[in-house]
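In: Sequence and predicted structure, then a few things I'm wondering about:
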Amino acid sequence: MSYIAAIDQGTTSSRCIVFDAAGSIVSVAQREHRQIFPRPGWVEHDAAEIWAAVQEVVAEAVGDLEITAVGITNQRETTLVWDRATGEPAANAIVWQDTRTDEQLRRFDAAFGEKAFHERTGLPLAPYFAGSKLAWLLDNGLRARAERGELLFGTMDSWLIWKLTGKHLTDVTNASRTLLMSLKTLDWDPEILAAVDIPAIMLPEIRSSAEVYGEVTSGPLAGVPLASALGDQQAALFGQTCFAPGEAKCTYGTGSFLLLNTGTTPVRSQHGLLTTVGYRIGDEPAVYALEGSIAVTGSLIQWLRDNLGLISSAAEVEELARTVPDNGGCYLVPAFSGLFAPHWRADARGVLVGLTGFVNKGHLARAALEATGWQTREVIDAMNADGRTPLAALRVDGGMTQNTLLMQFLADVLRVPVIRPTVAETTCLGAAYAAGLAVGFWPGTDALRANWRQDASWQPAWPAAEVDRELGQWRKAVQRTLDWA
């Protein structure tokens, strides 16, 4: 028996999962890593710590299994610069949630213009994306070394590809999240690089999402082809087999990300969504997607646990929320890093509103779960306003999908069925599928579709009038977050 391995370098942990030909999980290993908060709004990771964790989970998950190929999926936009000669990180990685880059974004706007960025890259000027994080690192002590060619830039896929194979590469999905890649050429945009003063010499070569990048040079995967890389949300789209235009998925993790396949032509959103590369298989045309990015969903439950002590484990939030029949009139908008799609307001900060003496911790737990549902509803409304075919069903994955109260709430407020697949780890599965396609382990995407199985589904049950009333209250709460920072 031979298998495909996938390395998932995520925001809070690194995992390795091994899959068989049916797309079933054979083995899995996971390690958490530290979240570093030097100042309010700053979020960093230690890339050396992450690499050590990746080596551990690979060794544990792979063991003596025969691996045909390995793929990578990763937290997107998290930005790292390392020394070309020694491989040592030049600074901590700046995480996608970090909000320190206002000055760099103002400079980007003055040099090239937000409209031009949106037209070229499909992205708004927001601290979320990697380009302004790289500019901050250059502006804060690394520019001279970078211009001498001593430093390399990458998102976390590039870091792992470099550590595993010695190649300095990225794929189109991760490159499309930097503010530096043209959606038309699928290459770094020289005019943008010149305007924002980023040395091209430090950027990785952009490849497709599914091709052999090289062989792993050491460790339990030595000699195995490294054959895919996709940003985590695009990997989940691939793992959910959303290969046809109009098919959509939402991954519920630290943040939540809804992607809609729009085919081989990029669609420009007029309602606050991102235009991004969904995936590219070998030399085939790239497939594009519309994306709604929500910064804080699963991490809100961690906040209830770690900062407030309301629960001792994330799983307890459902039990606590079920102690009350509703939110008691309170609404929690977790704009901890500003608001992402469809608002894109970096000045927003979190609010808890509607408090009365009646509200207890059960109501807070329910409000925290409902925040994920309402934020998803805002993204779906934006997609429908952009003129896409109205969503018929939503495929969901990620750790939060085990929360049945949340899944039912989603179905209620979205007014469409919510469907969870048998293999909920679709991020890793997508990276494995792409790697397997690249080496012929699977013959094509039809074989991947045949693997997909439904595990559970939830149907809308709330009266539409009640949904509309609660949505109005949520929108009032969102307004209270604005103009704070």
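Out: Everything's here; your move.

In: my guess is Gly214 meets Trp162, correct?
Out: No - counting by C-beta atoms under 8 Å, Gly214 does not reach Trp162; the two are 10.2 Å apart. Any C-beta I mention is one placed from the backbone N, CA and C, and that applies to glycine too.

In: now for the longest helix belonging to the chain, which elements pack on it?
Out: The residue-count maximum for a helix in the chain (DSSP state H) belongs to helix 361-385. With contacts taken as 3 or more C-beta pairs under 8 Å, 6 or more residues apart in numbering; DSSP states H and E, helix 361-385 sits against strand 248-252, strand 256-263, strand 287-294, helix 298-306, helix 316-321, strand 331-333, helix 404-414, helix 464-479.

In: Would you mark the buried spots in that helix?
Out: Going by neighbour count (16 or more other C-beta atoms under 10 Å), the buried part of helix 361-385 is 361-380, 382-383.

In: I'd like the average pLDDT over that helix.
Out: For helix 361-385, mean pLDDT is 94.

In: Following the chain past that helix, name the next helix or strand.
Out: strand 394-397 (DSSP states H and E).

In: If you count neighbours, what's buried in that following strand?
Out: 394-397.

In: can you check stretch 435-445 too?
Out: So stretch 435-445, judged by 16+ other C-beta under 10 Å, has buried residues 435-439, 441-442.

In: In this structure Arg349 contacts Pro334, no?
Out: No - taking contacts as C-beta under 8 Å, Arg349 lies outside contact range of Pro334: 9.7 Å.

In: centre of the chain versus the longest helix of the chain, how much separation?
Out: How far helix 361-385 lies from its chain's middle: 18 Å, per C-alpha atoms, centre = their mean, to the nearest Å.

In: do the same with stretch 319-337
Out: 24 Å.

In: The stretch 151-300 of the chain: helices as residue ranges?
Out: 156-165, 172-175, 190-196, 232-239, 298-306 (DSSP state H, counting those that start in this stretch).

In: Torsion angles phi and psi at Ala69?
Out: Main-chain torsions, Ala69, degrees, to the nearest 10: phi -160, psi 160.

In: which residues sit in contact with it?
Out: Counting by C-beta atoms under 8 Å, 6 or more residues apart in numbering, Ala69 touches 4-5, 212, 224-228, 435-436, 438-439, 441.

In: circling back to that earlier point, ok, which of the helices of the stretch 151-300 of the chain comes nearest Ala248?
Out: Each of the helices of the stretch 151-300 of the chain has some distance to Ala248 by C-beta to C-beta; the shortest is helix 232-239, at 8.3 Å.

In: Kindly calculate the angle that the closest one makes with strand 287-294.
Out: If you take axes from the mean of the first three to the mean of the last three C-alpha atoms, to 10 degrees, helix 232-239 sits at 130 degrees to strand 287-294.

In: Quick check, pLDDT for Arg388.
Out: On the pLDDT scale, Arg388 gets 66.

In: Verify the stated contact: Leu339 with Val478.
Out: Yes - at 7.3 Å, Leu339 counts as touching Val478 under the criterion of C-beta under 8 Å.

In: Of those two, give the one with the bigger neighbour count.
Out: More neighbours surround Leu339 than the other of Leu339 and Val478, with 26 against 21 (other C-beta atoms under 10 Å).

In: Check the gap between the more buried one and Thr481 for me.
Out: 7 Å (C-beta to C-beta, to the nearest Å).

In: Now tell me what touches stretch 470-485 from outside.
Out: 41, 331-333, 335, 338-339, 343, 345-351, 353-354, 370, 374, 377, 413.

In: so where is the chain shaky, pLDDT-wise?
Out: Counting by pLDDT under 70, the chain has low-confidence residues at 387-389.

In: Return the member of the contacts of Ala69 nearest to Phe117.
Out: Of those, the one sitting nearest to Phe117 (C-beta to C-beta) turns out to be Ser228, at 28.2 Å.

In: which ones are touching the closest one?
Out: 69, 71-72, 171, 209-211, 431-432, 434-435, 437-438.
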